[in-house]
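**Student:** from the sequence below, what's the structure:
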Amino acid sequence: MPHQDDVYLRQNVAAIKDLLGQIVPEKVNAFSRHGNSKRDASWLASVAIVCLGLTDRGTLSDRVESACAVVGLLRGDKATITRQGLFQALATCGQALIELIIDHIAETLPSLKGHWTRGGKVNIAVDGSKVAAPRSEANQKFFSAIASPPKPATGRRKKRRQSKRKRRSGRTRKTARSKDYDSAADESKASTVQVLMVVFWHVTTGLPLRWRLHGHGGSERVSVQEQIHQLPSNARLIADAEYVGYPLWSTIIDAKRSFLVRVGSNVKLLKGLGKYRIDGSHVWLWPDQVRKEGEPPLHLRLITLNNGRHRIYLVTNELDMPAKLAGELYAERWGVEVFFRTVKQTYERSKLRCETPQNALTELNWTLLGVWVALFHCKQTLAAMGESIESLSPVKVIRAFDEIILILDLSTRRTPLLNELLSVAVKADESHRTSSKASHDYPRKKQH
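**Tutor:** Next up is the predicted model:
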């Protein structure tokens, strides 16, 4: 029924247009670009979100072409751009355009009524994960751990290494050869190109609130310290044992935020501290170096839980937090790990495609924005229908958007003939190729 198809097509166009209008605010239109720029920032943002977050069909160039057709259908124009042109334009806009949209996300998320706070706090789970990138020379210099040579050993550590080499000198040739294999494998592993993303994931809505990307040398703890003032004033950070230490915790306390962090044997807590002595579950963090510098100790509460197999130790600066609430919040922290799985496996972004550092960061940033758009719109739809937003299936969400984007894209194209498609189904001419296809620097390659 052609009439019904036209009605559905118009409804889908209106739905995607409204969706992009939510994530790309009007202030993006006022984002200043170079005077010779032919594409405004809102058009670039819309194309980037569609091709990197709402569809995963075909190559990156195919997705950019499809996104241009869909955004042209929404805006009533036929503007196009190449993959290289899109990434170059987004790189020109820089981090400022991304931060502008992320700030808009933070303002939009409370619109999910009844899901913003819990226990009087905005509960945010923070964690980091790594995404692989192509092993180009530029990416290796920027992202891989081997980019900076190790510092030479000095003092006692240098003498200890020299004594170890003397003891090894009496070993067999076979053992020395195996050590050579291990060192080569370690070097290949260190040269693996990975992008670190640190995500602040809102627990009750199940959506990221903020994130930051890092190359080699990026620190998850430093990332939290740098962004703590951008979080809501009543934010409560929930984290695993990676996020410990006096500098991080003192920064959170000074920012008038709270935290709930799991601790292990790497954290030394004091129960009796002279005039600060307090019995029960109250503890203090006061490292020797901090004490020598004249800094005050941190007054904390230690909560001990048992999950049926072993004990879990949690530390918080909320001295009156109930143990039951602490256990529930820490259990819900696992949702950020599920979000990483959604991005890397469901959306098939475990490895990026861009071969330069700037383009790789751009690809991952706009992918996260596109994923946020799809998941947020689905949660809004479920909430309007009276359904639980926790019942959302990310796999079905990406399939739904991928199908609609394909339909809108096909509606803008002329239906080709089969013979036309078969006439170009030939192998590419590589008679002029000068480089080899073989990879000579693959990670963990066997060294014969």
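**Student:** need the residues that contact stretch 259-276.
**Tutor:** Residues outside stretch 259-276 that contact it (C-beta atoms under 8 Å, 6 or more residues apart in numbering): 236-241, 243-244, 249, 252, 279, 282-287, 297, 299-300, 302, 312-318, 321, 326, 329-330. Backbone N, C-alpha and C define where each C-beta goes, glycine included.
**Student:** oh, I was asking about stretch 13-26
**Tutor:** Counting by C-beta under 8 Å, 6+ apart, stretch 13-26 makes contact with 42, 45-46, 49-50, 70-71, 73-74, 101, 104-105, 108, 369, 372-373, 376-377, 404-405, 408, all of which sit outside it.
**Student:** check stretch 205-215 too.
**Tutor:** Under the criterion C-beta under 8 Å, 6+ apart, residues 102, 105-106, 109, 112, 115-116, 124, 142-143, 195-202, 223, 226-227, 230-231, 335, 339, 357, 361, 364-365, 368, 372, 375-376, 379, 389-390, 392 lie in contact with stretch 205-215.
**Student:** chain center to that stretch, what's the gap?
**Tutor:** Its chain's C-alpha centre lies 5 Å from the corresponding centre of stretch 205-215 when counted by C-alpha atoms, centre = their mean, to the nearest Å.
**Student:** which of the contacts of stretch 259-276 fall in helices?
**Tutor:** Among the contacts of stretch 259-276, the residues falling in helices (DSSP state H) are 249, 252, 326, 329, 330.
**Student:** got a markdown table for those, with distance to residue 349 too?
**Tutor:** As requested, those are arranged in a markdown table below (distance: C-beta to C-beta, whole Å):
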| residue | distance to residue 349 |
| --- | --- |
| 249 | 32 |
| 252 | 30 |
| 326 | 33 |
| 329 | 28 |
| 330 | 27 |
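**Student:** just these now: which is nearest residue 84?
**Tutor:** residue 252 (42.1 Å; C-beta to C-beta).
**Student:** just give the nearest non-adjacent residue to that closest one, would you?
**Tutor:** residue 259 (5.1 Å; C-beta to C-beta, 6 or more residues apart in numbering).
**Student:** secondary structure element holding that neighbour?
**Tutor:** Under the criterion DSSP states H and E, the helix or strand holding residue 259 is strand 258-262.
**Student:** same check, this time on residue 123
**Tutor:** Secondary-structure element containing residue 123, defined by DSSP H and E: strand 122-132.
**Student:** elements contacting the next helix or strand after that strand?
**Tutor:** The C-terminal neighbour of strand 122-132 among helices and strands, as given by DSSP H and E, is helix 137-143. Using 3 or more C-beta pairs under 8 Å, 6 or more residues apart in numbering; DSSP states H and E, the elements in contact with helix 137-143 are helix 357-384.
**Student:** immediately after the helix it packs on, which helix or strand?
**Tutor:** Remark: after helix 357-384, the chain's next helix or strand is helix 394-411, criterion DSSP H and E.
**Student:** now do that following helix against helix 357-384, angle only.
**Tutor:** Compare the direction of helix 394-411 with that of helix 357-384 by axes from the mean of the first three to the mean of the last three C-alpha atoms, to 10 degrees and you get 100 degrees.
**Student:** from the chain's centre, how far out does helix 394-411 sit?
**Tutor:** Mean-position distance between helix 394-411 and its chain equals 23 Å (C-alpha atoms, centre = their mean).
**Student:** show me what that helix is packed against.
**Tutor:** Secondary elements touching helix 394-411 (3+ C-beta pairs under 8 Å, 6+ apart): helix 2-23, helix 60-75, helix 357-384.
**Student:** among these, which comes closest to residue 428?
**Tutor:** With C-beta to C-beta as the measure, helix 60-75 is the member of the helices and strands packed on helix 394-411 nearest residue 428 (14.1 Å).
**Student:** any low-confidence regions in the stretch 151-300 of the chain?
**Tutor:** Within the stretch 151-300 of the chain, the stretches falling below the threshold (pLDDT under 70) are 151-191, 273-280.
**Student:** got the residue ranges for the strands in it?
**Tutor:** In the stretch 151-300 of the chain, the segments counted as strands under DSSP state E, counting those that start in this stretch are 194-202, 207-214, 235-239, 258-262, 282-285, 298-306.
**Student:** in JSON lines: those, plus mean neighbour count and distance to residue 385.
**Tutor:** Compiled in JSON lines, those are given as follows (neighbours: other C-beta atoms under 10 Å; distance: least, C-beta to C-beta, whole Å):
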{"stretch": "strand 194-202", "mean neighbour count": "22", "distance to residue 385": "21"}
{"stretch": "strand 207-214", "mean neighbour count": "22", "distance to residue 385": "18"}
{"stretch": "strand 235-239", "mean neighbour count": "25", "distance to residue 385": "29"}
{"stretch": "strand 258-262", "mean neighbour count": "23", "distance to residue 385": "33"}
{"stretch": "strand 282-285", "mean neighbour count": "19", "distance to residue 385": "47"}
{"stretch": "strand 298-306", "mean neighbour count": "17", "distance to residue 385": "36"}
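**Student:** of those strands, which approaches residue 61 most closely?
**Tutor:** Across these, the minimum distance to residue 61, taken as C-beta to C-beta, is reached by strand 194-202, at 21.3 Å.
**Student:** tell me the centre residue of this protein?
**Tutor:** The residue at the geometric middle of the chain, judged as the C-alpha nearest the mean C-alpha position with C-alpha atoms, centre = their mean, is residue 197 (3.9 Å).
**Student:** name the nearest residue to that residue, ignoring sequence neighbours.
**Tutor:** In space, and not counting its chain neighbours, residue 197 is closest to residue 213: 5.2 Å by C-beta to C-beta, 6+ apart.
**Student:** same question for residue 135.
**Tutor:** Nearest-residue entry for residue 135: residue 193, 5.3 Å, with adjacent residues in sequence omitted and distances by C-beta to C-beta, 6+ apart.
**Student:** residue 140 is in contact with that neighbour, correct?
**Tutor:** Yes - taking contact to mean C-beta atoms under 8 Å, the distance of 5.8 Å between residue 193 and residue 140 places them in contact.
**Student:** which of those two has more residues huddled nearby?
**Tutor:** Under the neighbour definition other C-beta atoms under 10 Å, residue 193 and residue 140 were set side by side, and residue 193 has more, 28 against 20.
**Student:** if I pick the more buried one, what's in contact with it?
**Tutor:** With contacts defined as C-beta under 8 Å, 6+ apart, residue 193 is in contact with 132, 133, 134, 135, 136, 139, 140, 143, 144.
**Student:** any idea which of the residues you listed is closest to residue 58?
**Tutor:** Of all the contacts of residue 193, residue 134 has the smallest distance to residue 58: 18.1 Å, by C-beta to C-beta.
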